[in-house]
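S.K.: okay, here's the prediction I keep looking at, along with the sequence it came from:
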Amino acid sequence: MEERDKQLWRIAKKRAGFKKQLASYIIVNGFLWALWWITQGRDDVDDGGMPWPVWSTLGWGIGLAYSYYGAYHDNREEDTMKEFQKLKDKEKR
């Protein structure tokens, strides 16, 4: 494989992994919220209590946000090439 193909392969693996993690997040947290609502949700809302699925949703959501960034916005090779090009252009002046 060429170097560019290897980079694209790594990006594709990260994005596929993120999509699987997102699907798991939606399914599991949807189940937890439904379980909370069925078992005691209406009573907690009336009492002003904090729903317990909030913690799993927030905690996992933070990890999911990092995975999203890594899969779609963290392109170190491209950032390095841009910086290299800036330095070359500056040196020419």
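M.R.: Great, that's in hand. Everything numeric in this text was worked out from a predicted model, so none of it was measured. Numbers count the residues shown, from 1 in each chain.
S.K.: what part of the protein, helix or strand, is modelled with the least confidence?
M.R.: Scoring the helices and strands of the chain by mean pLDDT, DSSP states H and E places helix 42-47 at the bottom, with a mean of 59.
S.K.: ok, then the element right after that one?
M.R.: Scanning forward in sequence from helix 42-47 by DSSP states H and E, the next helix or strand is helix 53-72.
S.K.: longest helix in the chain, by number of residues?
M.R.: In the chain, with assignment by DSSP state H, the single longest helix is helix 3-36.
S.K.: buried stuff in stretch 2-16?
M.R.: Residues of stretch 2-16 classed as buried by neighbour count (16 or more other C-beta atoms under 10 Å): 11, 14. From N, CA and C alone the C-beta is placed, and that goes for glycine too.
S.K.: give the contact list for residue 67.
M.R.: Residue 67 makes contacts with 17, 18, 21, as judged by C-beta atoms under 8 Å, 6 or more residues apart in numbering.
S.K.: one more time with 7 Å, if that's ok
M.R.: Contacts for residue 67 (C-beta atoms under 7 Å, 6 or more residues apart in numbering) come out as 18, 21.
S.K.: how much space separates it from residue 79?
M.R.: 19 Å (C-beta to C-beta, to the nearest Å).
S.K.: also residue 36?
M.R.: Using C-beta to C-beta, we find residue 36 at a distance of 42 Å from residue 79.
S.K.: same check on residue 92?
M.R.: From residue 92 across to residue 79, the span is 21 Å (C-beta to C-beta).
S.K.: looking at those two, which is more packed in?
M.R.: Counted by other C-beta atoms under 10 Å, residue 92 and residue 79 do not tie: residue 79 has more neighbours, with 10 against 6.
S.K.: before we move on, which element is that one in?
M.R.: Residue 79 belongs to helix 76-92, assigned by DSSP H and E.
S.K.: now for that helix, which elements pack on it?
M.R.: Under the contact definition 3 or more C-beta pairs under 7 Å, 6 or more residues apart in numbering; DSSP states H and E, helix 76-92 sits against no other helix or strand.
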